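Q: Here is a sequence together with a model predicted from it:
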Amino acid sequence: MDKKQKEALVIAMLEKGESYRDIAQKAKVSPNTIKAISNRAGLDETTSISSRAFELYVQQKTPVQVAIALNLEAEKAINYYHEYFKLLGITEFTKAYLQVKDNPWPFVDLVRKVQNLRCLMHCEYLN
């Protein structure tokens, strides 16, 4: 395993919350090396769990993947996901989601109807 592969392995293990001892044994690196990699990746012990979650969302991970990687309950991962979108300024989407989250089916049906209407209009245009 080359240096870059070891570094990627250490980062993946850190993101999963594995201990330095386990990482050192599995990746065959010293705790000082783990600390250096952690610092370069912005994953030192002072990095908050929300910051780690946001970083994973930036990498286009799903709430399920974030929950697994950070050992979070589903509700917490979803809350971080909403916060992430708010930070991105996508508040309108968040507001719409919050309105339909308990019963999204009317919204889904509306989207399907619009898509069908668009298809019908396109077909009529072609004829």
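A: Sure thing, it's come through. Residues are numbered from 1 along each chain as shown.
Q: mind checking which helix or strand of the chain has the lowest mean pLDDT?
A: Every helix and strand of the chain was ranked by mean pLDDT, DSSP states H and E. The lowest is helix 91-100, at a mean of 75.
Q: the inter-axis angle of the next helix or strand after it versus helix 91-100?
A: For helix 91-100, the succeeding helix or strand toward the C-terminus, using DSSP states H and E, is helix 105-126. Helix 105-126 runs at 120 degrees relative to helix 91-100, counting by axes from the mean of the first three to the mean of the last three CA atoms, to 10 degrees.
Q: And helix 105-126, how far out from the chain middle?
A: Relative to the chain's own centre, helix 105-126 is displaced by 31 Å; criterion: CA atoms, centre = their mean, to the nearest Å.
Q: Any chance you could list what contacts that helix?
A: Contacts with helix 105-126, where a contact means CB atoms under 8 Å, 6 or more residues apart in numbering, come from 96, 100. In this view, the C-beta of every residue, glycine as well, is placed from N, C-alpha and C.
Q: do that again at 7 Å, thanks
A: residue 100 (CB atoms under 7 Å, 6 or more residues apart in numbering).
Q: Quick check: mean pLDDT of that helix?
A: For helix 105-126, the mean per-residue pLDDT is 80.
Q: With stretch 20-27 instead?
A: 89.
Q: can you give me the offset of the strand or helix carrying residue 24 from its chain's centre?
A: Residue 24 belongs to helix 20-27 when elements are defined using DSSP H and E. Relative to its chain's centre, helix 20-27 lies at 25 Å (CA atoms, centre = their mean).
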